[in-house]
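K.L.:
A predicted structure for the sequence below; I have some questions about it.
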Amino acid sequence: MTITALNSGPSFTRLSDFPWFPDDPNMNIMAMRAHAQNNSRATDVGEVLRALTGLKSGDGEGWHNRFRNLAEAVRAQAERAEKENHPVTARQSYLRASTYFRMSTTFIERGARTRAMYGRQLECFTRFAALSDPPIERVQIPYEGITMCGWYMPPKKKTAPRNAAYIYCSGEAGACEGTIQTSPTEAVERGLGVLLCDGPGSGAALMNHGKVGTPEFEKPFKAMVDYLVSRPDIDPGRIGVAGSDFGAYNAVRAAVFEKRVRCCGVITACYDALVDLYDYGQEGHREGLSAFLGEDPGNVEAVREKLKAYTLKGVADRLTVPLLILQGEENVNYPIEPAYRLYADAKGPKELRIVNSDHHTGHRRMEVLAGLTDWLADHLA
């Protein structure tokens, strides 16, 4: 049981000092996220700079237009490269285009435009997956009358006939393709397989099937594990789980109730979705959680009432598998208390690393992602 601080190198510059939108913490953190995804080649620093330069705080339409136009331009680059038989350039460009289409919806109301952008990001991600080496596989998992869609990312190099793997849990409403930048690209370099999947309340399950979320994430998670262990290339005794923000809530529940899970790692703990996400009121979580629950964002009391079930109280103290929590120390956009609550409750081996950074750990992103995936690799060895 340890609590450590990640503060190597220069001290963290507070989010409000980040140069793009110092008076708008939500736009500022999303600008930081756009830059930080460069570590997984999901964005390019120069392209992001072009999109952000001259954009004004609070201009959600401008954000949408700039990132949508950037996505279209990068997709055109990908299509041209694929036509000219340059698969590496095509693959990298399709991934960035997918990210920019997804990011374009950050500050606009959910509706026809967000559905259109979802379709385009999925098209680009599908081409990226097909051109990857080894190819990233499209996955369809039956669950309660629908098909949960996702992706299996095999390790870059196999050291044994069967490899370890983990499931990265999506957050509320968003598509699982977005989680590729939260550790999977690092994991496959370390011999791990990764399953990304749209569970109830997220991505295709919500968009195409209208399947809203459940506080009992362990139920769809069981179907995901069933899929993994059915694969002849997966070691059924070496399955882990990870997640961020609301996905961290899902990951902890999964680790408590699914006995085939050997370890659990989270970036930014969520102990109580109502308190930590909805009432804190940052980063579009209110809109995302409303969609996740199938409620109108204006129906505040109904959303708050449903979210009362999404708590780890009485659950986290049943967690016995090894746990790693990585948590940014700045609390402008997200509270730090959930990390300490989860750490205090967990009964098994546990480690809390407080990161001298913003909530998204963008200032130390590679250090955090390497730390998570190294830890997972060690515990799934």
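P.N.:
Sure thing, it's come through.

K.L.:
what about N333, which SS state?
P.N.:
coil (DSSP: H, G, I helix; E, B strand; the rest coil).

K.L.:
ok, it to D245 distance?
P.N.:
N333 is 10 Å from D245, where distance means C-beta to C-beta, to the nearest Å. No exception for glycine: its C-beta is placed from N, CA and C like everyone else's.

K.L.:
Please identify which of those two sits among more neighbours.
P.N.:
Between N333 and D245, D245 has the larger neighbour count (other C-beta atoms under 10 Å), namely 28 against 22.

K.L.:
As a quick check, tell me the outermost residue of the chain.
P.N.:
E84 (32.9 Å; C-alpha atoms, centre = their mean).

K.L.:
just checking, P25 touches V332?
P.N.:
Yes - at 4.9 Å, P25 counts as touching V332 under the criterion of C-beta atoms under 8 Å.

K.L.:
out of these two, which sits in the busier spot?
P.N.:
Using other C-beta under 10 Å as the criterion, P25 and V332 rank with P25 on top: 19 against 16.

K.L.:
tell me the pLDDT at that one?
P.N.:
If you check P25, the pLDDT there is 82.

K.L.:
what's the answer for the one 3 residues further on, then?
P.N.:
In this prediction, N28 carries a pLDDT score of 85.

K.L.:
Mind listing the shared neighbours of N333 and D245?
P.N.:
Counting by C-beta atoms under 8 Å, 6 or more residues apart in numbering, N333 and D245 have no common neighbour.

K.L.:
now the helices for this structure?
P.N.:
25-36, 45-52, 60-83, 87-103, 112-131, 184-187, 203-207, 218-230, 246-257, 273, 285-293, 300-307, 337-345, 365-379 (DSSP state H).

K.L.:
Out of those, the one nearest A165 is which?
P.N.:
Distance to A165, taken as C-beta to C-beta, is lowest for helix 218-230 among the helices of the chain, at 5.7 Å.

K.L.:
So which elements touch that closest one?
P.N.:
Helix 218-230 makes packing contacts with strand 137-143, strand 146-153, strand 163-169, strand 193-197, strand 234-244, helix 246-257 when contacts are defined by 3 or more C-beta pairs under 8 Å, 6 or more residues apart in numbering; DSSP states H and E.

K.L.:
Give the full set of residues in contact with the closest residue to C270 other than its chain neighbours.
P.N.:
Excluding the flanking residues, the one nearest C270 by C-beta to C-beta, 6 or more residues apart in numbering is Y249, at 4.1 Å. By C-beta under 8 Å, 6+ apart, Y249 lies in contact with 217, 243, 270-271, 273, 310, 312.

K.L.:
cool, and D233?
P.N.:
Applying C-beta under 8 Å, 6+ apart, we find D233 in contact with 154, 158, 161-163, 193.

K.L.:
Repeat the analysis, applying 7 Å as the threshold.
P.N.:
Contact partners of D233, counting by C-beta atoms under 7 Å, 6 or more residues apart in numbering, are 162-163.

K.L.:
do the same with the one 4 residues further on
P.N.:
G237 sits next to no residue when contact means C-beta under 7 Å, 6+ apart.

K.L.:
What's the separation between it and R231?
P.N.:
13 Å.

K.L.:
Next: G199.
P.N.:
19 Å.

K.L.:
neighbour-wise, which of these two wins?
P.N.:
G199 (27 against 18).

K.L.:
Got the confidence number for the more buried one?
P.N.:
Checking the pLDDT column for G199, the value is 96.

K.L.:
cool, G362 as well?
P.N.:
pLDDT, G362: 76.

K.L.:
again with V355
P.N.:
So V355 comes in at 89 (pLDDT).

K.L.:
again with R14
P.N.:
pLDDT, read off for R14, is 60.

K.L.:
Begin at 56, not 1, for the rest of this chat.
P.N.:
Right, with 56 as the first residue, what we last looked at is R69.

K.L.:
Contacts only, for the residue nearest to A310 when sequence neighbours are not counted.
P.N.:
Closest residue to A310 in three dimensions, ignoring its sequence neighbours and counting by C-beta to C-beta, 6+ apart: C319, at 3.8 Å. Counting by C-beta under 7 Å, 6+ apart, C319 touches 295-296, 306-307, 310, 376, 378.

K.L.:
Go ahead and name everything in contact with stretch 200-213.
P.N.:
184, 189, 191-196, 218, 231, 239, 243-244, 246-254, 259-260, 264, 266, 275, 278.

K.L.:
Show me which of those are buried.
P.N.:
Buried subset of the contacts of stretch 200-213 (neighbour count, 16 or more other C-beta atoms under 10 Å): 184, 191-192, 194, 196, 218, 231, 239, 243, 246-254, 259-260, 264, 266, 275.

K.L.:
Any stretches of this structure with poor pLDDT?
P.N.:
For the chain, applying pLDDT under 70 flags the ranges 60-74, 338.
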